[in-house]
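Q: structure for the following, please:
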Amino acid sequence: MQRNGLKIVKEDADSITLDVTDLPQPYANALRRVIMREVPVMAVEEVLIIENSSVMTNEVLSHRISLIPFITDLDNYNVAEECACKSRLGCEKCVVRFVLRAEAITEPVTVYSRDIKPEKHGSIVVPFSGDIPIVALAPGQKVELELYVRLGRGKRHSKWQSGIATLYEEDNKRFLYVESFGFLPPRRMILEAAKTVKTRLLQIDSSLKELMKYEASN
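A: Now for the predicted structure:
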């Protein structure tokens, strides 16, 4: 498949390789950078510890949970800083609330990402994999947490990095390899990055036109 100088060479659920030989290298590099730094994805931003009697400290437990990729819904949620609510606590358009409750009664228990449950049933925003181990509980130990998941960008924190993107050359051709960390399909990552690049170019064009008007009038 080829469109506008981009040809899909290989694609699966986790990665995609594009032939970008006909795309100017600065544009291809801009796309690569935006994929890693500016495509918004969902991760845990805040953890409220209600109870934690495990051997893992609150800080380490919160950090482990914050690195779990969540399947991202870009169509129904806003980046918190850009949401119309302007609330520090957020609203239903910019935050998804989860709970994590687990207890070991008589046998040891391993808590997994599948134990993170959304407050709103039916949400498509869920951990990318349910098999990510979080903490091991010995008999008598318990964890109870509230999690607040928000959209963010990789330039703010690596937990919001959507994936990796690499440019390389082979047989006099240039390729862009994109691999998703699980937040979004790789094709959606590229489309969102392309939108951002287009917006930035239009902003630059507008600024240059304003500058030229100003210089012409003085």
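Q: check contacts around the most centrally placed residue in the chain.
A: Against the mean C-alpha coordinate of the chain, by Cα atoms, centre = their mean, the closest residue is residue 41 at 2.5 Å. When the contact criterion is Cβ atoms under 8 Å, 6 or more residues apart in numbering, the partners of residue 41 are 69, 70, 72, 151, 152, 160, 161, 162, 181, 183, 184. Quick note: C-beta positions are derived from backbone N, CA and C, even for glycine.
Q: show me which pair in the residues you listed is furthest apart.
A: In the contacts of residue 41, the most distant members under the criterion Cβ to Cβ are 151 and 181, with 14.6 Å between them.
Q: and these two? Which one has more around it.
A: Relative neighbour count places residue 151 above the other of residue 151 and residue 181, with 26 against 19, counting by other Cβ atoms under 10 Å.
Q: so which strand or helix has that one?
A: When elements are defined using DSSP states H and E, residue 151 is found to belong to strand 142-152.
Q: got the buried residues for the top helix by length along the chain?
A: With secondary structure taken from DSSP state H, the chain has its longest helix at helix 186-216. Across helix 186-216, burial judged by 16 or more other Cβ atoms under 10 Å covers 186, 189, 190, 192, 193, 194, 196, 197.
Q: next, format the residues you listed as CSV and append distance to residue 115.
A: Conversion of these to CSV gives the following (distance: Cβ to Cβ, whole Å):
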residue, distance to residue 115
186, 28
189, 28
190, 33
192, 30
193, 33
194, 37
196, 35
197, 39
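Q: which residues touch the nearest residue to residue 124 once chain neighbours are set aside?
A: Spatially, and ignoring its direct neighbours in sequence, residue 124 is nearest to residue 73 (5.5 Å; Cβ to Cβ, 6 or more residues apart in numbering). With contacts taken as Cβ under 8 Å, 6+ apart, residue 73 has the following neighbours: 42, 123, 124, 125.
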